[in-house]
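> Just the structure for this:
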Amino acid sequence: MLNSTLKMRDVKVLVTGFKPNDDGLNASELVVNSLQNHLPELLRPYKDCLYFRVLPGNTHILGQAIAEMLTEIAPDVCIGIGQARGYNRIALERMAKNLRYFVTLDSAGNAPKGEPVVTGAPTAYWSSLPEQEELVSLLNNHTIPARLSNDCGTHLCNQAFYHYLRWQATQQPTLKAGFVHIPALPEQVIQAWSESPFMPISMTCHALALIIDRQMT
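Alright, predicted model coming up:
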């Protein structure tokens, strides 16, 4: 009990998703809302140090929104979530790159083609979420398909991840930041993506609960 109390007092974890880019659904928003409104039993001992936010889908305001959020919350751990149509397993991202090249529009109709996330900043940052290979094994051992990923893309997910790691590099060296891509949800397959792999929201939330719980140790 003492150990659990120390964990709750010492670690603040921020989990983020995205608003939809159109009139449809975004799996990451639905998962973040589910975690917040129906906190898994595994995470209930930590309820007072968990923070959930949904980010705007506009590339031009995303950086400022993240800076304000990180300033307000000052998390010890930040875990971004983004949907990845076509994925059939949870993907933990190894790195974020300083590049925005959108093949689809963001929510405001923007589609940058080869612009940096932050002008003059490093080409890329490595994830600082600890023990990612062990996290993949943990999820697979719970019968949740998972893998490491070497490419976070060049859209909003990568941009948010880069902002998190840039914040760590310039503002908060102790921050641990990672990014998790999740498959589509069944309702997205039914409504729009008939050929896409999917993962039930209960399994996705269980995966995130396991990842978050591991950050408390």
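> As a check, name the ranges of all helices in this protein.
Remark: helices assigned in the chain by DSSP state H are 2-10, 27-37, 59-73, 132-141, 156-170, 186-191, 201-215.
> most packed of those helices?
helix 156-170 (a mean of 23; mean count of other CB atoms under 10 Å). For glycine as for every other residue, the C-beta is placed from the backbone atoms N, C-alpha and C.
> Just checking the distance from it to the centre of its chain.
What separates the centre of helix 156-170 from the centre of its chain is 11 Å, taken as CA atoms, centre = their mean, to the nearest Å.
> ok, now stretch 172-192?
Averaging C-alpha positions (CA atoms, centre = their mean) puts stretch 172-192 5 Å from its chain's average.
> can you check stretch 52-68 too?
With CA atoms, centre = their mean, you get 13 Å for stretch 52-68.
> can you give me the end-to-end distance of it?
This stretch, stretch 52-68, spans 14 Å end to end (CA to CA, to the nearest Å).
> Same question for stretch 104-112.
Stretch 104-112 stretches 10 Å from its first residue to its last (CA to CA).
> returning to what we had before: format the helices of the chain as CSV; extra columns: mean pLDDT and distance to Gly114.
Formatted as CSV, these follow (pLDDT from 0 to 100; distance: least, CB to CB, whole Å):
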stretch, mean pLDDT, distance to Gly114
helix 2-10, 47, 42
helix 27-37, 98, 25
helix 59-73, 98, 13
helix 132-141, 98, 28
helix 156-170, 98, 13
helix 186-191, 94, 29
helix 201-215, 98, 32
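> Is it possible to get JSON lines of these that adds distance to Phe179?
Below are the helices of the chain laid out as JSON lines (distance: least, CB to CB, whole Å):
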{"stretch": "helix 2-10", "distance to Phe179": "23"}
{"stretch": "helix 27-37", "distance to Phe179": "10"}
{"stretch": "helix 59-73", "distance to Phe179": "12"}
{"stretch": "helix 132-141", "distance to Phe179": "10"}
{"stretch": "helix 156-170", "distance to Phe179": "4"}
{"stretch": "helix 186-191", "distance to Phe179": "20"}
{"stretch": "helix 201-215", "distance to Phe179": "11"}
